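A.B. asks: Below is the sequence, then the predicted model.
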Amino acid sequence: RILASMFIQKLTRFFPALPLKLKQADLTVLPEDFIKKVLVSALYLSIGITFCIGVVLSKMGVGIGVNLVLFPILFFVMFSYMMRVPELKIVKKQKEVDREIIFAGRFMIIELESGVSLYSAMKNTSKNYPAVGKYFRDIIDKVDMGTNLINAVNETIEFAPSESLRRILWQVANSVD
């Protein structure tokens, strides 16, 4: 058990960007726990697929030696694929945000030009645009908890999956400064 824990910690060091990717993908799991789940899932899938292929190959008269070569290859492929899950979720979130960002930006401009405060404009944007609103809601929650607006915006910029959203948030942070 201790050996497995040490192995997972060493393996986590090979993925230094994993904590940021997990945060951007909204996966609330520690990097070590994520890698542990990926290892276990890859192991089970590799064993299952190797077994199924072994049954088929044995009926065809092929020896078991193929399975000994096939298992590590399958394990590596499964592990590599599952490690990309956060990246796939980030791309999905990025597409959702990019689909709304123009409309949310225009909405905020109209709100601000009509005399609404930046805080209220961000709060209204969070209510009207689900994908983009999640990040504005995060800023509003941080401000409500006592963080100043610039720090709340900067924290959200760090974890925003979309470059377009980051640019808008940088403009917001610069306008507050």
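C.D. replies: Right, received. Where do you want to start?

A.B. asks: how would you label the residue sitting furthest away from the middle of the chain: helix, strand or coil?
C.D. replies: Largest separation from the mean C-alpha position in the chain: Gly61, at 45.0 Å (C-alpha atoms, centre = their mean). Assigned with DSSP: H, G, I helix; E, B strand; the rest coil, Gly61 falls in the coil class.

A.B. asks: residue ranges with poor pLDDT in the protein?
C.D. replies: Scanning the chain for pLDDT under 70 picks out 177.

A.B. asks: Next, name the residue at the spatial heart of it.
C.D. replies: Centroid-nearest residue in the chain: Ala25, 1.6 Å away (criterion: C-alpha atoms, centre = their mean).

A.B. asks: which residues touch that one?
C.D. replies: Val85, Pro86, Glu87, Lys89, Ile90, Lys93, Pro161 (C-beta atoms under 8 Å, 6 or more residues apart in numbering). C-betas here are computed from N, CA, C, even on glycine.

A.B. asks: I'd like those residues as a markdown table, with secondary structure, distance to Gly54 and neighbour count appended.
C.D. replies: Formatted as a markdown table, the contacts of Ala25 follow (DSSP: H, G, I helix; E, B strand; the rest coil; distance: C-beta to C-beta, whole Å; neighbours: other C-beta atoms under 10 Å):
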| residue | secondary structure | distance to Gly54 | neighbour count |
| --- | --- | --- | --- |
| Val85 | helix | 27 | 17 |
| Pro86 | helix | 32 | 24 |
| Glu87 | helix | 32 | 13 |
| Lys89 | helix | 33 | 17 |
| Ile90 | helix | 36 | 20 |
| Lys93 | helix | 39 | 20 |
| Pro161 | coil | 41 | 23 |
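
A.B. asks: Adding distance to Leu45, write those out as TSV.
C.D. replies: As requested, the contacts of Ala25 are arranged in TSV below (distance: C-beta to C-beta, whole Å):
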residue	distance to Leu45
Val85	13
Pro86	18
Glu87	19
Lys89	19
Ile90	23
Lys93	25
Pro161	27
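
A.B. asks: Name the nearest of the residues you listed relative to Asn151.
C.D. replies: Ranked by distance to Asn151 (C-beta to C-beta), the contacts of Ala25 are led by Pro161 at 20.1 Å.

A.B. asks: now that closest one: how far from Pro86?
C.D. replies: 10 Å (C-beta to C-beta, to the nearest Å).

A.B. asks: One more: Val29?
C.D. replies: 10 Å.

A.B. asks: Equivalent analysis for Leu18, please.
C.D. replies: For Leu18 relative to Pro86 (C-beta to C-beta), the value is 7 Å.

A.B. asks: circling back: any common contacting residues for Val29 and Pro86?
C.D. replies: Leu22.

A.B. asks: Mind picking the one among the contacts of Ala25 that's closest to Ile53?
C.D. replies: Val85 (24.0 Å).
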